[in-house]
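> heads up, no residue letters with this:
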């Protein structure tokens, strides 16, 4: 679901400039974008893998941060992370120095360019619709009109199972080696 939303937002807000990332759920922090997080595996004897690995960035969303939000707000959260990806793609962010790369003037300008206002400073900001005819609003309205929604929500902390003792599973590979 998030991949579909990313593709459509990428097309309408960023002119399809953003590479397709691996989209994941992160349990720590607010989520974010990490460049060069994954690469394809070169498996011996597999003719479909190339010699040069393909590198993918990771765009993560914290499920606890979007718990109970409207679909509209979830999409604004996704766009927030995509703006970080965009900053990296145009060389305005290293994608590695999160203490100094957060929500600088170029980020605010990019948000304004797609019709969003940045409210707050530093690491703690919100994105709000500034222009009903802007690209971000068009993308959100298009997804909502198509019935897009995120169908999963995280379980509230009080209902999560308490930590259990960890068990180690030993796997024996075909070659006879034991892995843990």
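Structure's in. What do you need? Note that the structure is predicted; figures quoted are calculated from it, not measured.
> okay, CA-based contacts and neighbour counts for the rest of this
Fine.
> Can you classify residue 35 as helix, strand or coil?
In terms of secondary structure, residue 35 is strand; the call rests on DSSP: H, G, I helix; E, B strand; the rest coil.
> Please determine how far it is located from residue 118.
23 Å (C-alpha to C-alpha, to the nearest Å).
> The longest helix seen in the chain: what's the following helix or strand?
What stands out as the longest helix in the chain, according to DSSP state H, is helix 71-89. The helix or strand immediately downstream of helix 71-89 is helix 105-113, counting by DSSP states H and E.
> partner strands of the helix or strand following that following helix, parallel or antiparallel?
Downstream of helix 105-113, the next assigned helix or strand under DSSP H and E is strand 116-121. Strand 116-121 has the following sheet partners, assigned by DSSP bridges: strand 124-129 (antiparallel).
> quick check, distance from the strand it pairs with to the centre of its chain.
With C-alpha atoms, centre = their mean, to the nearest Å as the basis, strand 124-129 stands 16 Å off its chain's centre.
> in that strand, what counts as buried?
127, 128, 129 (16 or more other C-alpha atoms under 10 Å).
> how about the last one, what does it touch?
When the contact criterion is C-alpha atoms under 8 Å, 6 or more residues apart in numbering, the partners of residue 129 are 115, 116, 117, 136, 137.
> Next: residue 77.
Counting by C-alpha under 8 Å, 6+ apart, residue 77 touches 61, 66, 127.
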